[in-house]
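S.K.: model this:
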Amino acid sequence: MDPEFLKTITFVETAETSESDFHPKTFDEYCGQKELKTKLKLYTDASRMRNEPLDHLLLFGPPGLGKTTLAQIMAQVMDVGIKICSGPTLERAGDVVAILSSLESKDILFIDEIHRIPSTVEEMLYNAMEHYRVDVIIGQGAGAKSVNLPINPFTLVGATTKAGMISAPLRSRFGITERLDFYLEDELCEIIEQNARFLQVVLEKGAAMLIARCARGTPRIAKKLFRRIRDFAQVNNNNQATIELVQQALDFLGIDEEGLNAVDRKIIETIAITFNGGPVGLETIASMIGEDSETIEDVYEPFLMRKGYLEKTPRGRQIPRAMLPRFLKSAGGQKTLFS
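M.R.: Numbers count the residues shown, from 1 in each chain. Below you'll find the model as predicted:
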């Protein structure tokens, strides 16, 4: 086992935090997900009172909603260590043994994209999660023998964007299963204002709400947009983000007041204009706009469907008939979008 492997998956608390890496440290600092936050606070408080590790926890939901941040907050609240790794990096059972053996009592092991771990690694986790032991094969061939190795009690926090791809045996071993939902605009506005205070940017209330409306209900996107607007403000307006400046920055980034970017508009334009509202197949759309079909399905379609601009049918994608007049207008025999 390469000792460098463990370094890549260990969360190093002593590393300097850059200005763009602001993360909440407590449940009170964490904005949004109020119901989930209340539950996790109760679970962690109860575990601390019993002096036991937190029960294994599965967090699922769309990307960018704060699953990793919640795991870090739980480790902070329970005053335990946390190791962070990604499912695809756990290629061999030996990798899991090395990680589990390095955990102190009640530590948290956070595995992102847990649905992508290989089946051999998954089977190794079963015994570790239930009995805090792992089976290690020593030697090869006829002389090989199995050694049952005890490990410290720990908490596995699994995060996934595709809960349906987790096998039933693994899912059943999580004592707590919770979903993260998309954020409301007011919650995103609070996150943006929190980042503005941390980065010492003067931000108008209306400007924060304007950014929130374009963030697709996702804190990661909100923070990314705010960092780009901060760049724009620093160069053009002495670190002051007014409503006018934010609007200029969003125009510069190609994002409209609905939060639609250039690819979103291409998808709608292709269906609405080229195929007269649809239905049309996903692969055809991908070929027309030059995007990967999986990217369209995972990244762009969920937002367009939530906005009511797109719907899936057995025959393909189409614009809802009630929305089509909004997107199309006859102008001298020429059809134009968003008129």
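S.K.: Phe303: what secondary structure?
M.R.: Assigned by DSSP: H, G, I helix; E, B strand; the rest coil, the conformation of Phe303 is helix.
S.K.: residues in contact with the residue nearest to it when sequence neighbours are not counted?
M.R.: Using Cβ to Cβ, 6 or more residues apart in numbering and skipping residues adjacent in sequence, the residue nearest Phe303 is Arg216, 4.9 Å away. (Each C-beta comes from the backbone N, C-alpha and C, glycine too.) Contact analysis of Arg216 by Cβ atoms under 8 Å, 6 or more residues apart in numbering lists Phe182, Gly259, Phe303.
S.K.: Which one (most neighbours) among those residues?
M.R.: Phe303 (21 neighbours; other Cβ atoms under 10 Å).
S.K.: surely that residue meets Asp264?
M.R.: Yes - Phe303 lies in contact with Asp264 (Cβ atoms under 8 Å); the separation is 7.2 Å.
S.K.: before we move on, the earlier item: and the contacts of Arg216, which is closest to Ala159?
M.R.: For the contacts of Arg216, the minimum distance to Ala159 (Cβ to Cβ) is 16.1 Å, reached by Phe182.
S.K.: Which helix or which strand is home to that closest one?
M.R.: According to DSSP states H and E, Phe182 maps onto no helix or strand at all.
S.K.: That one contacts Ala215, correct?
M.R.: No - shown here, Phe182 and Ala215 do not form a contact pair, counting by Cβ under 8 Å, at 9.8 Å.
S.K.: Please name the nearest non-neighbouring residue to Arg81.
M.R.: No, residue 81 isn't Arg; it's Gly. In space, Gly81 is closest to Asp107, 4.5 Å off (Cβ to Cβ, 6+ apart).
S.K.: what sits against that neighbour?
M.R.: Asp107 touches Pro53, Ala75, Val80, Gly81, Ile82, Lys83, Asn152, Phe154, Thr155, counting by Cβ under 8 Å, 6+ apart.
S.K.: Try it again at 6 Å.
M.R.: By Cβ atoms under 6 Å, 6 or more residues apart in numbering, Asp107 lies in contact with Val80, Gly81, Phe154.
S.K.: Any chance of a markdown table for those, columns secondary structure and distance to Leu125?
M.R.: Shown next, in a markdown table, are the contacts of Asp107 (DSSP: H, G, I helix; E, B strand; the rest coil; distance: Cβ to Cβ, whole Å):
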| residue | secondary structure | distance to Leu125 |
| --- | --- | --- |
| Val80 | coil | 19 |
| Gly81 | coil | 19 |
| Phe154 | coil | 11 |
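S.K.: Show me just the buried residues among those residues.
M.R.: Among those, those classed as buried by 16 or more other Cβ atoms under 10 Å are Val80, Gly81, Phe154.
S.K.: Adding pLDDT and distance to Lys307, write those out as JSON lines.
M.R.: Listed next are the buried ones among the contacts of Asp107 as JSON lines, based on pLDDT from 0 to 100; distance: Cβ to Cβ, whole Å:
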{"residue": "Val80", "pLDDT": "90", "distance to Lys307": "41"}
{"residue": "Gly81", "pLDDT": "90", "distance to Lys307": "42"}
{"residue": "Phe154", "pLDDT": "91", "distance to Lys307": "42"}
